[in-house]
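Asks: Have a look; sequence and predicted model below, questions after that.
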Amino acid sequence: MSALPWGRRFLMCPPEHFGVLYEINPWMNREVAVDLDLARAQWGDLVATLTEAGAGVELLEPQPDLPDLVFTANAGTVNRGRYVPSRFRHPQRQPEVDHDVAWFETNGYDVSWLPEGVRHEGAGDALPFRGVFLAGYRSRSDAAAHGPLSTLLGVPVRPIELVDPRLYHLDLTFCPLDERRAMVAPHAWDSYGRKVVEALVPEPLYLEVEEMLGFCANSVVVGSTVVMAQCPRRVGRLLEGWGFDVAVVDVSEFLKAGGGCRCLTLALDVAVGQGPSGPLSGESAIGAPDGPPPSTGTPAAR
Ligand code: ARG
């Protein structure tokens with residue numbers, strides 16, 4: 001196994017103000033109460049598990065009235081010290097951005113904005129793999145964001161259309177495991193997206209619909225440890241056969257808001273492609289699954 005060159009430093013936000021206060025995805029139901037003490041304990045277990053696996057965790061301060069701020073995967077997209085803030089589709093999450101940006105500014109990141117009017121929900125819809133970003137669109141993010149995102153991050157972007165409203169972010173359907181392997185959920189993509197992934201992933205672990213609805217793809221990978229909300233026996237066997245250790249962390253309270261382990265984290269140590277260059281006028285590279293073979297990112301900026 002050649003471990004992923006990223007996934008050792010994460011941004012997370014304690015669930016002090018977490019809850020299901022509105023409904024912006026099919027999992028959310030305001031009538032279902034969240035047990036906040038349990039949520040705190042589960043979030044603490046996730047931090048402990050990630051730390052034990054060798055990751056560092058940085059904290060974003062929780063804010064009243066922003067229950068989904070815990071899902072830091074949606075804070076934005078990061079590559080080589082540049083941070084591109086999200087542009088949320090739903091007004092309920094838009095006020096999160098000021099808090100996210102303040103954290104990244106304070107911590108010395110170069111903050112670069114997508115043009116106004118395009119939607120993009122950060123690492124929830126953009127995951128690095130073999131030198132490119134796979135980028136989901138339709139439910140939350142717009143395909144129109146991919147050109148600017150590619151330019152700002154200095155990385156080719158491969159678009160994937162998400163066709164199942166229950167799997168509204170890419171990170172519910174795709175999980176990089178190492179440099180060659182990923183958990184993939186083709187049921188959630190259109191036929192072009194399936195081809196993109198087929199061309200990009202040498203050794204896919206295909207998830208069944210039930211496995212994907214159990215948030216298997218929404219796992220956090222730290223070296224050889226896969227941190228999952230639950231692990232069906234079939235998936236566990238395959239992962240262990242490849243040399244991974246599975247750590248299950250119950251995140252039931254967060255699933256009520258439609259988010260699992262991965263959604264609660266944002267990788268800060270992503271370093272793929274050539275990296276950020278100048279402002280938005282530069283070249284972007286989108287699509288073309290059968291273009292030149294993607295280069296694997298150099299781990300220099302880790
Ligand atoms: N309630 C949140 C929302 O609908 C959940 C976000 C899940 N995040 C993710 N990266 N999939 O926006």
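Replies: Received the coordinates, thanks.
Asks: wait, isn't Val221 in contact with Gly7?
Replies: Yes: Val221 is within contact range of Gly7, at 5.4 Å (criterion: Cβ atoms under 8 Å). Heads up, the C-betas are built off the backbone N, CA and C, glycines and all.
Asks: Looking at those two, which is more packed in?
Replies: Val221 (27 against 23; other Cβ atoms under 10 Å).
Asks: that's a strand at that one, yeah?
Replies: Yes: the assignment for Val221 by DSSP: H, G, I helix; E, B strand; the rest coil puts it in a strand.
Asks: Go through the longest helix along the chain and flag the buried ones.
Replies: Taking DSSP state H as the criterion, the chain has its longest helix at helix 36-52. For helix 36-52, a neighbour-count test (16 or more other Cβ atoms under 10 Å) marks Ala39, Gln42, Trp43, Asp45, Leu46, Val47, Thr49, Leu50 as buried.
Asks: who touches the fourth one in this structure?
Replies: Taking Cβ atoms under 8 Å, 6 or more residues apart in numbering, we find Asp45 in contact with Val249, Asp250.
Asks: and the gap between it and the ligand?
Replies: For Asp45, the distance to the ligand equals 19 Å [Cβ to the nearest ligand atom, to the nearest Å].
Asks: repeat for the last one
Replies: Remark: distance between Leu50 and the ligand (Cβ to the nearest ligand atom) = 16 Å.
Asks: Surely that residue is in contact with Val220?
Replies: Yes: counting by Cβ under 8 Å, Leu50 touches Val220, with 6.4 Å between them.
Asks: shared neighbours, the two?
Replies: Residues touching both Leu50 and Val220 (Cβ under 8 Å, 6+ apart): Phe10, Val227, Thr265.
Asks: can the residues you listed go into CSV with extra columns for secondary structure, distance to the ligand and pLDDT?
Replies: As requested, these are exported to CSV (DSSP: H, G, I helix; E, B strand; the rest coil; distance: Cβ to the nearest ligand atom, whole Å; pLDDT from 0 to 100):
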residue, secondary structure, distance to the ligand, pLDDT
Phe10, strand, 13, 98
Val227, strand, 15, 98
Thr265, coil, 9, 99
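Asks: any chance of those in a markdown table, with distance to Leu207 too?
Replies: Shown next, in a markdown table, are the shared contacts of Leu50 and Val220 (distance: Cβ to Cβ, whole Å):
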| residue | distance to Leu207 |
| --- | --- |
| Phe10 | 23 |
| Val227 | 16 |
| Thr265 | 20 |
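Asks: Which of those sits closest to Arg234?
Replies: Set against Arg234, the nearest of the shared contacts of Leu50 and Val220 by Cβ to Cβ is Val227 (18.3 Å).
Asks: which residue packs closest to the residue in the chain positioned nearest to the ligand, ignoring adjacent ones?
Replies: Closest residue of the chain to the ligand, Cβ to the nearest ligand atom: Gly124 (2.9 Å). Counting by Cβ to Cβ, 6 or more residues apart in numbering, the nearest residue to Gly124 once its immediate chain neighbours are dropped is His169, at 4.0 Å.
Asks: Got the phi and psi for the one you found?
Replies: phi -120, psi 150 (degrees, to the nearest 10).
Asks: ditto for Val246
Replies: Phi and psi for Val246, reported as degrees, to the nearest 10, are phi -100, psi 130.
Asks: quick one on the thing from earlier: would you turn the shared contacts of Leu50 and Val220 into a markdown table with distance to Asn107 and neighbour count?
Replies: Formatted as a markdown table, the shared contacts of Leu50 and Val220 follow (distance: Cβ to Cβ, whole Å; neighbours: other Cβ atoms under 10 Å):
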| residue | distance to Asn107 | neighbour count |
| --- | --- | --- |
| Phe10 | 13 | 25 |
| Val227 | 24 | 26 |
| Thr265 | 16 | 26 |
